[in-house]
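> here's my sequence, what's the structure:
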Amino acid sequence: MRCADVIHELAVPTGNFERAILVEHLDHCPSCARWAERNARLDQVWAATRAPELSAAAWDRIWANVSESLDQPQVMAPAPFAPVILPRPLWRRSAVAVFVLAQAAAILAGLGLAWHQAPSSSPAHPQPRPMAVATAPAVELSDMVFNLSSTGTSVISFDDKTLRNLALNENPYEVDPLFNGFNDLESQAGLQ
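Prediction:
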């Protein structure tokens, strides 16, 4: 006999197995014996705490009360009226709108004045001049000879073997106008 059959027979007795076979299996199988013991204790607790069965007369009284309450017409009490919410006076709404618009206009005017009248902390940027790029012939690095002018700055690129002559005070890198604008804003706001 398998353990699953024994546990099923003990949980829901069907009478399909002889009592002697069940007892013999429980004597030889400690797992099923423990399960049978726990099941017996649970049955004892259930018997001790079970509510008493209702008599037929008690059930008849309960159903009579239920059918009597269903047969009576239901009278609905009127629901209380919702409170009437009066709109705010028109003058109050317009006063709030005018106040908000005045605040927005004052903020925009202040920002505009600060933007246009604040002294610029950076000098005016000259227009970038086109750079003269001379391509060097493909020679070994040790064979390269550069003739550099003394009037400007020269940038030598060994990657692409080019020589760039820059005028004095010219930035060797292109500067994005948005970068300059944000830099000015940070300077004016004192965020640097």
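
> which strand or helix spans residue 110?
Using DSSP states H and E, residue 110 sits in helix 90-117.

> hang on, isn't residue 3 packed against residue 29?
Yes. Between residue 3 and residue 29 there is a contact under Cβ atoms under 8 Å: 6.2 Å. To be clear about C-beta, it is placed using only N, CA and C from the backbone, and glycine gets the same treatment.

> more neighbours: which of those two?
The neighbour comparison of residue 3 against residue 29 (other Cβ atoms under 10 Å) goes to residue 29, with 16 against 12.

> that one against residue 4, yeah?
No. Using Cβ under 8 Å, residue 29 makes no contact with residue 4, being 11.5 Å away.

> in the protein, which helix or strand is least confident?
Sorting the helices and strands of the chain by mean pLDDT, DSSP states H and E puts strand 132-135 at the bottom, at a mean of 56.

> okay, domains of the protein per the record?
The chain breaks down by automatic domain parsing into domains covering 3-49, 132-189.

> what's the least confident stretch among those?
Mean pLDDT is lowest for domain 132-189 among the domains of the chain, at a mean of 59.

> where does residue 69 land on pLDDT?
Residue 69 carries a pLDDT score of 85 in this model.

> tally of neighbours for it?
Neighbours around residue 69, by other Cβ under 10 Å: 9.

> show me where this structure has helices.
Assignment of helices within the chain using DSSP state H yields the ranges 3-11, 19-28, 30-49, 56-71, 90-117, 177-189.

> want to throw the ones you listed into CSV with distance to residue 79?
CSV is the format used below for the helices of the chain (distance: least, Cβ to Cβ, whole Å):
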stretch, distance to residue 79
helix 3-11, 53
helix 19-28, 65
helix 30-49, 45
helix 56-71, 22
helix 90-117, 31
helix 177-189, 59
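
> check these for me and report the most buried one.
Mean neighbours per residue, mean count of other Cβ atoms under 10 Å, is largest over those for helix 3-11, with a mean of 14.

> and the helix holding residue 110, what's its mean pLDDT?
For helix 90-117, the mean pLDDT works out to 86.

> packing partners of it?
Where contact means 3 or more Cβ pairs under 8 Å, 6 or more residues apart in numbering; DSSP states H and E, helix 90-117 is not packed against any helix or strand.

> distance of residue 91 relative to residue 76?
Going from residue 91 to residue 76 by Cβ to Cβ, to the nearest Å gives 43 Å.

> how near is the nearest residue to residue 33 once chain neighbours are set aside to residue 41?
Distances taken as Cβ to Cβ, 6 or more residues apart in numbering place residue 26 nearest to residue 33, at 4.9 Å, with adjacent residues excluded. Going from residue 26 to residue 41 by Cβ to Cβ gives 15 Å.
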